[in-house]
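**Student:** fold the stuff below for me.
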Amino acid sequence: MIKHIYLNHTEMPFIPFSWFDTSSSPYYEIVWLYQSCWRMSFALLVCSCDALIIGILSHISNQFKMLQNAAKCMIQNAYEEAKNKKNIKKEFEINEIPLNILEKHLEEIIYYHNSIIELANQFEELFSLLLLGLFLATLFILCFIMYHASLFDLLSMRSTQDLTYVSVITLQIFLYCFWGNEVRIESELVSDAFWEMNFTGTDVRFQKKLIFILRRSQKPIVITAGKFTDLSLKTYAWV
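**Tutor:** Next comes the predicted model:
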C-alpha cells in the first residue's frame, strides 16, 4: 500500500487480479483490502484447526501421563483406604489389604484407561482423513515451492518468501508428528508404570487380574494419517 501511494505501485500483494483494472484508485485499495482480509481470515482458520488438533493430541498424551501416576499410586491409595476403613493407626502388611478394595481401585484404573483409548479412537476417526489430505498437500506444496524458489537468486526477496513459507508448513507437520509421537510413547509407558506398582504381596487373584491390563497397555496407541502412515518423528523425517 505504501508503494502504491508514493511510487504508484500497482502490483497486488498476493496474486494478480484481472477482473477489472486495479491500477487506479479506489479499485486498487478495495482489491488490496479484500486480498489482505481474505488471507488473514484463511490464516486464522488454519491456525485454529492446528491448535484444535494439537491441543487434543497434547490432552491425550497428558492423560496417559496422569494414568501412569495413578497406576503407580494405586496400591498406596488402596492401602490408605483400607487403613481408614479399619480405623487402624498402626502400620499393617500389604497382603492384608482386602481384595474388594484392590479390585475397586483397579476397576477405576481400567475405566480411566479405556476412556483415554476411546478418546484416541474418536480422534482417529474424525481427523485421520484430514491429516492424510494435509500430508499430501504438504508434499505437493513443498515440491512446487522449492522448484519456484530455485528460479530466483537465493538472496532475492521472492526466494526468501518461498523458503519462509516452506519453513511454516514444515513446522505445522512437525507439531502434528511430535504430538502424535508423544501419544505413542506415553501409551507405551503405561505398562512400565504397572510394573513399577508395588503389587508384591497383594492377593494372588488381584495379581492375576493385573495381567489383562498389562497385556493391553503393551499395545501402543498409534495416531495415523488415513491409515497410511503414523504421526511420528520418523514420518516427519521422511517428509
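**Student:** which residues in the protein form helices?
**Tutor:** With DSSP state H, the ranges of helices along the chain come out as 2-7, 27-72, 74-86, 99-150, 157-195, 204-217, 233-238.
**Student:** who does the longest one touch, helix- and strand-wise?
**Tutor:** Translated: helix 99-150. Under the contact definition 3 or more Cβ pairs under 8 Å, 6 or more residues apart in numbering; DSSP states H and E, helix 99-150 sits against helix 27-72, helix 74-86, helix 157-195, helix 204-217, strand 224-225. All C-beta spots, glycine's among them, are computed from the backbone N, C-alpha and C.
**Student:** okay, the angle between that helix and helix 157-195?
**Tutor:** 160 degrees (axes from the mean of the first three to the mean of the last three Cα atoms, to 10 degrees).
**Student:** returning to what we had before: now mean neighbour count and mean pLDDT too, for the helices and strands packed on helix 99-150, in CSV please.
**Tutor:** Below are these laid out as CSV (neighbours: other Cβ atoms under 10 Å; pLDDT from 0 to 100):
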stretch, mean neighbour count, mean pLDDT
helix 27-72, 15, 85
helix 74-86, 16, 81
helix 157-195, 17, 87
helix 204-217, 14, 85
strand 224-225, 20, 89
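**Student:** circling back: to residue 223, which of the helices of the chain lies closest?
**Tutor:** Residue 223 lies closest, by Cβ to Cβ, to one member of those: helix 157-195, at 4.4 Å.
**Student:** check the offset of the closest one from the chain's centre.
**Tutor:** The chain centre lies 8 Å from the centre of helix 157-195; the measure is Cα atoms, centre = their mean, to the nearest Å.
**Student:** report all helices and strands that it contacts.
**Tutor:** So helix 157-195, by 3+ Cβ pairs under 8 Å, 6+ apart, packs with helix 27-72, helix 99-150, helix 204-217, helix 233-238.
**Student:** out of those, which is closest to residue 80?
**Tutor:** Per Cβ to Cβ, nearest to residue 80 of the helices and strands packed on helix 157-195: helix 99-150, 9.9 Å.
**Student:** between the closest one and helix 27-72, what angle do the directions make?
**Tutor:** Angle of helix 99-150 versus helix 27-72, following the same axes, to 10 degrees, is 150 degrees.
**Student:** and helix 99-150, what's its mean pLDDT?
**Tutor:** Averaged across helix 99-150, the pLDDT comes to 88.
**Student:** related to what we said a few turns ago, of the helices and strands packed on helix 157-195, which approaches residue 184 most closely?
**Tutor:** For the helices and strands packed on helix 157-195, the distance to residue 184 is smallest for helix 27-72, at 9.1 Å, taking Cβ to Cβ.
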